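Asker: What follows is a predicted protein model with its sequence.
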Amino acid sequence: MQLIILDRDGVINEDSDDYIKSPDEWQPIPGSLQAIARLHRADWRVVVATNQAGVARGLLDLDTLMRIHEKMHRAVRESGGLIDAVFFCPHGPDDRCACRKPKPGLLHDIARRLRMDLKGVPAIGDSLRDLQAARAAGARPLLVKTGKGSQTLGHPELDADVPVFNDLASAVDALLMPDAG
């Protein structure tokens, strides 16, 4: 079984500069749920790693975050997929925690809990910090243009070797092609 790590906002669901603060605000990006279902059918373990600074900023509490994640899990299941686990950082940018991307702590936690080496594991994100965390943890960063991805594409710190895809569905297409990945 292969592992893939997905960022949440901007990769699976529509992003918002005002944060996703309720289950009603969580809306999947077209094709993302079906892409996760295809991964599941191909025997991939799907894990989400997401910064959730809205918790630290008091915009939502942990109960609301859990309800948002339950909506995401339910929507993925209804599409025939499965998210094996969601790992999140509830801290803000100034909290100096080890788990907030671009630091690799969240991904190291995934590796430890799943007892897996992340070397070469695809980690799909839409922001530079997603890609930096993946690289620092030994995973293979992939960028999608959804969410903040188009802005990230022009960032001077973006490594030239990071593969770029229109969305999660096209990234999964590439990963599931024979001899790809």
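Answerer: Received, thanks.
Asker: so where do the strands sit in the chain?
Answerer: Listed in chain order, the strands of the chain (DSSP state E) span 2-6, 44-51, 85-89, 122-125, 140-144, 164-165.
Asker: Tell me which of the ones you listed sits nearest to Lys71.
Answerer: For the strands of the chain, proximity to Lys71 was assessed by Cβ to Cβ; strand 85-89 is nearest, at 11.7 Å. Just so you know, the C-beta spots here come from the backbone N, C-alpha and C atoms, and that holds for glycine as well.
Asker: I'd assumed Ala56 was in contact with His91.
Answerer: Yes - the pair His91 / Ala56 is scored as a contact, 5.2 Å apart, by Cβ atoms under 8 Å.
Asker: measure Cys130 to Pro23 for me?
Answerer: You called it Cys, but residue 130 is Asp. 23 Å (Cβ to Cβ, to the nearest Å).
Asker: The two - which one has more neighbours?
Answerer: Higher neighbour count among Asp130 and Pro23: Asp130, with 31 against 16, using other Cβ atoms under 10 Å.
Asker: So the more buried one sits against Asp7, correct?
Answerer: Yes - using Cβ under 8 Å, Asp130 and Asp7 qualify as a contacting pair, with a distance of 4.7 Å.
Asker: related to what we said a few turns ago, out of the strands of the chain, flag the one nearest Ala171.
Answerer: strand 164-165 (4.0 Å).
Asker: For the nearest residue to Met72 once chain neighbours are set aside, give me its contacts.
Answerer: In this structure, Met72 finds its nearest non-sequential neighbour in Trp26, 6.3 Å apart by Cβ to Cβ, 6 or more residues apart in numbering. When contacts are counted by Cβ atoms under 8 Å, 6 or more residues apart in numbering, Trp26 touches Asn13, Ile20, Ile68, Lys71, Met72.
Asker: Same check on Pro93?
Answerer: Contacts of Pro93 by Cβ under 8 Å, 6+ apart are Ala53, Arg100.
Asker: okay, and for the chain, where does confidence drop off?
Answerer: Counting by pLDDT under 70, the chain contains low-confidence residues at 178-181.
Asker: For it, give the helix that spans the most residues.
Answerer: Counting residues, the longest helix in the chain under DSSP state H turns out to be helix 62-78.
Asker: Other residues contacting that one?
Answerer: 8, 12-13, 20-23, 25-26, 28, 33, 36-37, 48, 52, 54-55, 60, 82-83, 86, 88, 90.
Asker: So how do I select the buried members of those residues in PyMOL?
Answerer: A single PyMOL command selects the buried members of the contacts of helix 62-78 (16 or more other Cβ atoms under 10 Å):
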select buried, resi 8+12+13+20+21+23+26+28+33+36+37+48+52+54+55+60+82+83+86+88+90
